[in-house]
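> what follows is a predicted protein model with its sequence.
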Amino acid sequence: MRYLSEYRDPKLARALMAEIKRSATRRWVLMEVCGGQTHTIVKQGLDELLGEAVEMVHGPGCPVCVTPLEQIDKALALAARPDVIFTSFGDMLRVPGSDCDLLQVRARGGAVRIVYSPLDALELARRHPDKEVVFFAVGFETTAPANAMAVWRARELGIKNFSVLVSHVTVPPAMTALLESPDNRVQGFLAAGHVCAVMGWTEYEPIAAKYKVPIVVTGFEPLDILEGMLLAVRQLEEGRHEVENQYVRSVRRDGNQPAQDLVSQVFELVDRNWRGIGPIRRSGLGVRAEFADFDAERRFAVDGIHTAEPTICRAGDVLRGVLKPFDCPAFGTMCTPEHPLGAPMVSSEGACAAYYNYGRFRSAV
Amino acid sequence: MCLGIPGRVVEVHDTQGLPMGVVDFGGVRREVCLAYVADEIKPGDYAIVHVGFAIAKVDEAEARRTFDVLREMSRLDELEWMRDLAP
């Protein structure tokens, strides 16, 4: 077993699809809340193959896509400073801010570096003591332990020229906000396996019970996603609404305790603005006061930046599952991966980019 | 963004007090932080790695059990097709 290629077996996929179609007596609306799953679903055409049994709605599962414009503008302001080396995961570089993106700041001479891991950013800080190294700490709960460790290690090793610009978001409050929305159509969720590898699934149990929605913790390979869909469809058909775990090889009910412990020592729950969706109470993580020295917003006083979203881009409706990407008037014309208006077109995990790249210009069903 | 890739731990060591290790991803090797799985991981185990951090150990027994269920489903499915096609 290599735990990868085995989960792409077409014969097993066919059997799972047949079972989903057999199980569904009607068409159910499911939402995945993970950009990686969105990408697999659209690339493999799983939603089109199962169109009569399941409608997949793509949720706000891409941290790049939901990072609010004002955090991007703060990143741009920091990256333009001559004393700063600005570090980020690669997918943030082309996200449009109010008037440019990080790549353009780099073209104008800003020191913008792509890193694979936040520990690589910390290492840069150690090697450049004359510079301020700022890391753009974005992501869901999956990424929070890595970013928390970078801050923790910076303090432990006495590295004082390192800080993080945080735009961390958490999944359960967003799911609740979607379910509370009057135009919600979602009847069941595929929860993101790696978020749950860190957090476990206890947070989802009250959501499943209160809103009577099945929530299936699901992996990322085609067979994982198909099995997740099958478990959700079976629950819906049987009138059950429980949290179920498809991704048993990597997720336990309580998640990863050491990771949760470090995250809660470095970060605390804060209100966050979601790009395209708006503010959601206690839906993000911010740096605790004890680690204020490592908080780029406090250190560089960029917290005065407030910006508004452009109106033509319908990213918010796409992220809430109200519109499919091709329903947006700008999709594929004014907004393309080369010239994106909204973040879901930028990130390869964004629903708009996935639809564009795999030629989904109209509904197949 | 939450992309996590399974890799095989080939070496475990300590870097200035931080549990680190080398993980093999189908031939590509990389230094990975093992702090969050330090109590349960040993060389030879598989772990899910995200942005340079192991976030979960892959449970081999559970992985095999899932496959047994899927293969059984596939076998039954084929038997059904054979029945459907039978004259």
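Thanks, I have the structure now. Residues are numbered from 1 along each chain as shown, chains lettered A, B, ... in the order given.

> ok, which residues in the stretch 1-150 of chain A are in contact with chain B?
Neighbours of chain B within the stretch 1-150 of chain A, by CB under 8 Å from any CB of the partner chain: A:1-4, A:6, A:11-12, A:14-16, A:18-19, A:34-36, A:62-64, A:89, A:91, A:116-120, A:138-140, A:142-143, A:145-146, A:149. All C-beta atoms are positioned from the backbone trio N, CA, C, and that covers glycine.

> of those, which belong to helices?
Judged by DSSP state H, those include A:11-12, A:14-16, A:18-19, A:35-36, A:63-64, A:118-120, A:145-146, A:149 as members of helices.

> tell me, how many residues neighbour A:Ala150?
28 (other CB atoms under 10 Å in any protein chain shown).

> kindly state the pLDDT recorded for A:Asp303?
Note for A:Asp303: predicted pLDDT of 65.

> doesn't A:Ala232 lie inside a helix?
Yes: under DSSP: H, G, I helix; E, B strand; the rest coil, A:Ala232 sits within a helix.

> and it, what is it in contact with?
By CB atoms under 8 Å, 6 or more residues apart in numbering or on different chains, the contact set of A:Ala232 is A:28, A:30, A:188-190, A:214, A:216, A:244.

> could you dump the residues you listed to CSV with neighbour count, distance to A:Lys43 and secondary structure?
Output for the contacts of A:Ala232, formatted as CSV (neighbours: other CB atoms under 10 Å in any protein chain shown; distance: CB to CB, whole Å; DSSP: H, G, I helix; E, B strand; the rest coil):
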residue, neighbour count, distance to A:Lys43, secondary structure
A:Trp28, 23, 22, strand
A:Leu30, 25, 17, strand
A:Gly188, 23, 22, strand
A:Phe189, 29, 21, strand
A:Leu190, 29, 16, strand
A:Pro214, 24, 25, coil
A:Val216, 30, 20, strand
A:Glu244, 19, 25, strand
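
> I'd like these laid out as TSV, including pLDDT.
Shown next, in TSV, are the contacts of A:Ala232 (pLDDT from 0 to 100):
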residue	pLDDT
A:Trp28	98
A:Leu30	97
A:Gly188	98
A:Phe189	98
A:Leu190	98
A:Pro214	98
A:Val216	98
A:Glu244	98
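
> need the pLDDT of whatever residue of chain B ends up closest to chain A.
As assessed by CB to the nearest CB, chain A sits closest to B:Gly52 within chain B, at 2.8 Å. pLDDT for B:Gly52: 96.

> give me the neighbour count for it.
The local packing count at B:Gly52 equals 20, with neighbours defined by other CB under 10 Å.

> what's the answer for A:Arg81, then?
Neighbours around A:Arg81, by other CB under 10 Å: 16.

> check contacts around it.
Taking CB under 8 Å, 6+ apart, one finds A:110, A:132, A:300 in contact with A:Arg81.

> which of these fall within strands?
In strands, defined here by DSSP state E, the members of those are A:Glu132.

> from the contacts of A:Arg81, which is closest to chain B?
A:Glu132 (21.7 Å).

> so the closest one sits right up against A:Ser163, yeah?
Yes: in this structure, A:Glu132 is within contact of A:Ser163 by CB atoms under 8 Å, at 7.1 Å.

> re earlier: does the residue of chain B closest to chain A touch B:Val32 like I think?
Yes: look at B:Gly52 against B:Val32 with CB under 8 Å: they come within range, at 5.9 Å.

> what's the helix or strand containing A:Ser264 packed up against?
If you go by DSSP states H and E, A:Ser264 is part of helix A:257-266. Applying 3 or more CB pairs under 8 Å, 6 or more residues apart in numbering or on different chains; DSSP states H and E, one finds that helix A:257-266 contacts helix A:144-156, helix A:193-199.

> show me what contacts the closest residue in space to A:Leu4 that isn't next to it in sequence?
In this structure, A:Leu4 finds its nearest non-sequential neighbour in B:Pro6, 6.0 Å apart by CB to CB, 6 or more residues apart in numbering or on different chains. If you count contacts by CB under 8 Å, 6+ apart, B:Pro6 has them with A:2-4, B:25, B:46-49, B:58.

> which one of those is nearest A:Lys74?
B:Val49 (29.4 Å; CB to CB).

> assumed the closest one was part of a strand.
Yes: assessed with three-state DSSP, B:Val49 lies in a strand.

> what about it, neighbour count?
24.

> what sits against it?
B:Val49 touches B:4-7, B:23, B:25, B:30, B:32, B:55, counting by CB under 8 Å, 6+ apart.

> let's see the helix holding A:Ser264 as CSV, backbone CA atoms only.
The C-alpha trace of helix A:257-266 is given here as CSV (Å, rounded to 0.1, in the frame of the first residue of the first chain):
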residue,chain,number,x,y,z
GLN,A,257,-4.4,16.4,20.6
PRO,A,258,-0.8,17.7,20.6
ALA,A,259,-1.6,19.8,17.5
GLN,A,260,-4.8,21.2,19.1
ASP,A,261,-2.9,22.0,22.3
LEU,A,262,-0.2,24.1,20.6
VAL,A,263,-2.8,25.9,18.4
SER,A,264,-4.7,27.0,21.4
GLN,A,265,-1.6,28.2,23.2
VAL,A,266,-0.6,30.4,20.3
